[in-house]
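Colleague: with the input below, show me the fold.
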Amino acid sequence: MHRNRRVPSHLPVSFLAACLLSIILITTAANASDTAADRCLSFVNHLDLGAPLPQTREILRHGKSITIVALGSSSTAGFGTFGKAFPEVMKAELAQSHPSLHINLIVSGRLFDTIPGSIARLEKDALRYKPDLVIWQLGTNDTLSPVAASDLRGQMRKGIQQIKRSNAEVILMDLQYAPVVRAMPSHTAMQSLIADVGREESVAVFSRYALMKHAIDDGVHGLVAWDGLHNSAAGYRCIGRALARMIDQTSAQ
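Modeller: So this is what the prediction gives:
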């Protein structure tokens, strides 16, 4: 014999109120994050890659597919957010502009990676995919290293030249504008080194540091994650969309 169990006809009012409050808070946070990303993106016009991307330009104009490798550390892996990291955001933005183009994206981000570490795994984690474009996010973890920034110049040039020999183009991505980074005594030297090597090797440099600084100095909040180091979801969206737009500009030149 089965007893009839009474099912409550309604949930407690306090539970419903808590659910409603949670929805409101999540929606508010998401809207604030979108606003921060949009405001940050408005400063992309302050940036210049500093070098052309002729091969990428031709692919964007006439190609059927492009292979892009994002090589780097935790920023490339997307640490600090439950959302998409900048490579996936970049891909989505490029796909909107070029709906007929197949974008093959390989994300090769490794936590705590350094410039020597990236070079050591360059062939295995990047070049074996025969990329058309390599986005090398570098430098942040090296500012914590006892190796002086100037001592890394030769290694950076070696890595860039290895990528060039594989017939891929290069975009260097510099440091993030975040409290922990700015507290590192060697971060200024590292910023200068990335810019200098980019000029010496005639490769593009995407300065997320400059982009974030312009935005934050103008009062944009929420681009840095809880740890004071990595990008937040809004920060990754801004960086990824800005990078895609600057790549896309090459097809209009």
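Colleague: what's the end-to-end length of stretch 95-111?
Modeller: 27 Å (Cα to Cα, to the nearest Å).
Colleague: list the buried residues of that stretch.
Modeller: Buried residues in stretch 95-111, counted by 16 or more other Cβ atoms under 10 Å: 98, 101, 105-110. Heads up, the C-betas are built off the backbone N, CA and C, glycines and all.
Colleague: now do stretch 61-74
Modeller: Result for stretch 61-74 [16+ other Cβ under 10 Å]: buried residues 63, 66-74.
Colleague: most centrally placed residue in this protein?
Modeller: F86 (3.4 Å; Cα atoms, centre = their mean).
Colleague: does it touch S232 like I think?
Modeller: No - in this structure F86 lies outside contact range of S232 using Cβ atoms under 8 Å: 11.6 Å.
Colleague: check the gap between M246 and K84 for me.
Modeller: Here M246 is placed at a distance of 18 Å from K84 (Cβ to Cβ, to the nearest Å).
Colleague: these two: which is more packed in?
Modeller: M246 (20 against 16; other Cβ atoms under 10 Å).
Colleague: chain neighbours aside, what residue packs nearest to S97?
Modeller: D248 (5.2 Å; Cβ to Cβ, 6 or more residues apart in numbering).
Colleague: okay, and that neighbour sits in which element?
Modeller: Assigned by DSSP states H and E, D248 belongs to helix 233-249.
Colleague: which stretches in the stretch 51-200 of the chain count as strands?
Modeller: Applying DSSP state E, counting those that start in this stretch to the stretch 51-200 of the chain gives strands spanning 65-72, 102-109, 133-137, 169-173.
Colleague: quick one: the last one to strand 133-137, angle?
Modeller: Inter-element angle recorded for strand 169-173 and strand 133-137: 20 degrees (by axes from the mean of the first three to the mean of the last three Cα atoms, to 10 degrees).
Colleague: so can I have a markdown table of the buried residues of stretch 95-111 showing pLDDT?
Modeller: Shown next, in a markdown table, are these (pLDDT from 0 to 100):
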| residue | pLDDT |
| --- | --- |
| H98 | 94 |
| L101 | 95 |
| L105 | 98 |
| I106 | 98 |
| V107 | 97 |
| S108 | 97 |
| G109 | 96 |
| R110 | 95 |
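Colleague: among the residues you listed, find me the one that's closest to D217.
Modeller: G109 (27.6 Å; Cβ to Cβ).
Colleague: quick one on the thing from earlier: what's the neighbour count on the residue nearest to S97?
Modeller: Count around D248 with other Cβ under 10 Å applied: 18.
Colleague: for D142, same thing?
Modeller: 28.
Colleague: how about I59?
Modeller: Quick note: I59 (other Cβ under 10 Å) scores 21 neighbours.
Colleague: in contact with R199, which residues are there?
Modeller: G50 (Cβ atoms under 8 Å, 6 or more residues apart in numbering).
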